[in-house]
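In: give me the fold of what follows.
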Amino acid sequence: MNYEKIDAYLAAHRDDLLADLAELVAIDSEYMEPEEGCPYGKGSAAALARGAELLEAHGLKARNYENHVITADLFDDLEPGLDILAHLDVVPAGDGWTVTDPFVMKIQDGKAYGRGTVDDKGPGLCALYAMLAVRDCGVKLAKNVRIILGGDEECGSRDIEYYFTKEKSAPMSISPDAEYPLINIEKGVLHSGFTADFQPAETLPRLLAFNSGVKINVVPDKASALVEGVLPGELSGLMTEMAEQTGCRFEAEKTDEGTLIKSFGKNGHASTPFNGVNALTALLKFVAALPLSEAPLHTAIKGLAKLFPHGAFYGEGLGVNMEDEISNTTLTLDIMHYAPETGLSGQFDCRACLKATDENTTEVINEQFRALGLTPMDEHLSSSHCVPGDSELVQTLMKLYNGMTGKKAKPLCIGGGTYVHEIEGGVAFGICELDEDNNMHGADEFITMEQIDFACRIYARAIVELCGVAE
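Out: Numbers count the residues shown, from 1 in each chain. Purely as a prediction, here's the structure:
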């Protein structure tokens, strides 16, 4: 099919898209306290209401699902073919904005700035205008395309969960809320850990406290441990050795309670732990190397250092390092605390390969904890998501992307979850390239004109190719 007419339509209507985007950006649609008729707060409901007005203004019939999501069909007399899912809720504005107020869109140097411009109000409008281009250019599809705009993606996607209690998904779904070329594999996730009521050892040297980590999905960049019975001057050789082995920096200072040891590494996301330097596991390795006295707490610390060896990113120490043809398991210990009043606790983040199960992963880990006198948390592995690479959906979208860019890209497997994680036959498709930083979730969030133009064009092609043209 010749797409010149559609491309010309999209170019001529870019200013209209930007005007619509400015209206949506003006609404603070972060999660707020639920109210009657507003399950995610007034802001989310207001964004959905304005979104519905925009759909109606463009000649589509909008349906509001009790302020969870809104939808519109391009050709509602046709059988379902494709769902496009985007969301109109946003993360909090935060501080540090320099180009504009977060809820006042400003175009500067080829970029539209404002909260939600790239996540995900802008991409949602790109999908909408792609639909309008197909319709207004006279293309009669063989199957329907439905746009679904949600109000709770940033806080758990309860919007989509609710929607699918009312409706069935189309045979194929795409979401412009991630990266190109496309994401067709999302690993299962296990967020779990351990607890134990250990008291300090009665004899020296002994551990009195350990602290590291604030979020389970963030590789910690600092950690501290308080030990009694070892002086800072006695640790210089071990500090040098551990710095070389771990890539972390260590400090030790005398306090009234004992020697405070600190480690400094590098933050990273738990889905890619190899991109960080885990200060927690480095300090755990350090403390386990001290001449600690015999005690249940110290036995557990040394055992944990073996279960979570520094620099091991794939669950090797726990015996759950598995992989299959298209994915592997990653695992990182990101939170650990000890104090006599609260005992010992820790939490890890596991992104599990497709063949991982509770039996071969969760229970294997829990048995290791029990052997050290630790009580495992009662958590379970969430399901993975996979749309086969040889499916019509993946093959069609990859052909479009590589054809338009001249690249030889391949589908992506990620450790995180996207808006289509629970949807059979759903992939994330755009809107950013992997190496692009649009300040998503940060100050001065933006979308470029080039990103808007490319998204509109490729989504229009995706609609036509996936839904087919009526004979």
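In: every contact and neighbour count from this point should use C-alpha atoms.
Out: Noted.
In: lowest average confidence, helix or strand, in this protein?
Out: Ranking every helix and strand in the chain by mean pLDDT, DSSP states H and E puts strand 268-269 at the bottom, with a mean of 88.
In: other SSEs contacting it?
Out: strand 218-219 (3 or more CA pairs under 8 Å, 6 or more residues apart in numbering; DSSP states H and E).
In: so what strands line up beside whichever helix or strand comes after the strand it packs on?
Out: Downstream of strand 218-219, the next assigned helix or strand under DSSP states H and E is strand 222-228. Next to strand 222-228 in the sheet, as set by DSSP bridges, lie strand 206-212 (antiparallel), strand 259-264 (antiparallel).
In: which residues are in contact with strand 222-228?
Out: 204-213, 257-266, 278-280, 283, 287 (CA atoms under 8 Å, 6 or more residues apart in numbering).
In: please indicate which of the residues you listed are buried?
Out: 205-213, 258-265, 278-280, 283, 287 (16 or more other CA atoms under 10 Å).
In: and Asn217, how many neighbours does it have?
Out: Other residues near Asn217 come to 23 when the count uses other CA atoms under 10 Å.
In: is it true that it touches His269?
Out: Yes. If you go by CA atoms under 8 Å, Asn217 and His269 touch, sitting 6.1 Å apart.
In: could you check the pLDDT of Glu471?
Out: For Glu471, the pLDDT comes out at 81.
In: ignore what I typed, I meant Ser271.
Out: In this model, Ser271 carries a pLDDT of 89.
In: what sits against the residue lying closest to it once chain neighbours are set aside?
Out: The shortest distance from Ser271 to any non-neighbouring residue, by CA to CA, 6 or more residues apart in numbering, is to Gly415 (4.9 Å). Counting by CA under 8 Å, 6+ apart, Gly415 touches 186-189, 271-272, 351-352.
In: out of these, which one sits closest to Val420?
Out: Closest approach between these and Val420, by CA to CA: Glu186, at 9.6 Å.
In: surely the closest one touches Gly416?
Out: Yes. Here Glu186 reaches Gly416: they are 6.3 Å apart, a contact under CA under 8 Å.
In: which one of those two is surrounded by more residues?
Out: Between Glu186 and Gly416, counted using other CA under 10 Å, the more crowded position is Glu186 (27 against 18).
In: what's across from the more buried one in the sheet?
Out: Taking DSSP bridges as the rule, Glu186 bridges to His385, Ile414.
In: before we move on, what about Ala252?
Out: Ile261.
In: gap between it and Val287?
Out: Using CA to CA, to the nearest Å, we find Ala252 at a distance of 12 Å from Val287.
In: now do the helix or strand hosting Met239: which elements does it pack against?
Out: Per DSSP H and E: Met239 is located in helix 236-246. Other elements packing on helix 236-246 under the criterion 3+ CA pairs under 8 Å, 6+ apart are strand 249-254, helix 279-288.
In: can you name every helix or strand that the first one contacts?
Out: For strand 249-254, the helices and strands in contact under the criterion 3+ CA pairs under 8 Å, 6+ apart are helix 236-246, strand 259-264.
In: and the first one, how far from the chain's centre?
Out: Relative to its parent chain, helix 236-246 has a centroid offset of 34 Å by CA atoms, centre = their mean, to the nearest Å.
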